[in-house]
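Enquirer: Provided below are the primary sequence and the corresponding predicted coordinates.
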Amino acid sequence: DGGITQSPKYLFRKEGQNVTLSCEQNLNHDAMYWYRQDPGQGLRLIYYSQIVNDFQKGDIAEGYSVSREKKESFPLTVTSAQKNPTAFYLCASSSPGTSVETQYFGPGTRLLVL
Amino acid sequence: SQQGEEDPQALSIQEGENATMNCSYKTSINNLQWYRQNSGRGLVHLILIRSNEREKHSGRLRVTLDTSKKSSSLLITASRAADTASYFCATDRNTDKLIFGTGTRLQVFP
């Protein structure tokens, strides 16, 4: 049963707290991505990684951090520096070619601030 | 920054009717993709059309691409209530990442 899993489904953050969102894939994809989606909006790229131990900032990286120690895993940490973290977070993966091919998405994590 | 802009923002139709959504973009691309998102879920890839293609079909879906006008359209024929979702276009902008539009919310009434 191949795919991308994200956990938890819902996450609550207290003021000043760092929280980590999990993303795992068993599709053997090299590239992984994190997006943020606000209500009624499109997706905005936070970070992406084309290969293990390497990642690049997307359009809205401030207040977030990532790691890519394993091919299957790309966790996202929402730090206390992110002042407006309430959003729906989506992880995706793809097998990159000469251009960006189809991305496969996880079910998402909804982050709420207490 | 948003590369694609979908039009209309929202669309309501009856079952059996066709639904047409449009996407405009600003810079040259290698390919354009359409994705679907059910409420509160992840996105699902529908179709990819490359810059040297003009039209592509997949089941009840028909996608066109006009690179001279920097626009694409997604047609869903004989719509069903289960087609109710948001639809997004995404372009690669000749880079290694996708840029998503703001989406069209489609409501199909039984």
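Expert: Sure, I can see it.
Enquirer: tell me the contacts of residue 9?
Expert: By default, I'm working from chain A. By C-beta atoms under 8 Å, 6 or more residues apart in numbering or on different chains, the contact set of residue A:9 is A:107, A:108, A:109, A:110. Bear in mind the C-beta positions are built from the backbone N, C-alpha and C, glycine included.
Enquirer: meant chain B actually
Expert: So residue B:9 contacts B:102, B:103, B:104, B:105 (C-beta under 8 Å, 6+ apart).
Enquirer: Between the residues you listed, identify the one with the most neighbours.
Expert: residue B:103 (27 neighbours; other C-beta atoms under 10 Å in any protein chain shown).
Enquirer: phi, psi of that residue?
Expert: Note on residue B:103: backbone dihedrals following degrees, to the nearest 10 are phi 90, psi 150.
Enquirer: from the contacts of residue B:9, which single one is nearest chain A?
Expert: residue B:102 (4.4 Å; C-beta to the nearest C-beta).
Enquirer: any idea how far the residue nearest the centre of chain A lies from residue B:91?
Expert: For chain A, residue A:34 is the residue whose C-alpha lies nearest the centre (C-alpha atoms, centre = their mean; 2.8 Å). Distance from residue A:34 to residue B:91, counting by C-beta to C-beta, to the nearest Å: 19 Å.
Enquirer: again, but for residue A:63
Expert: 26 Å.
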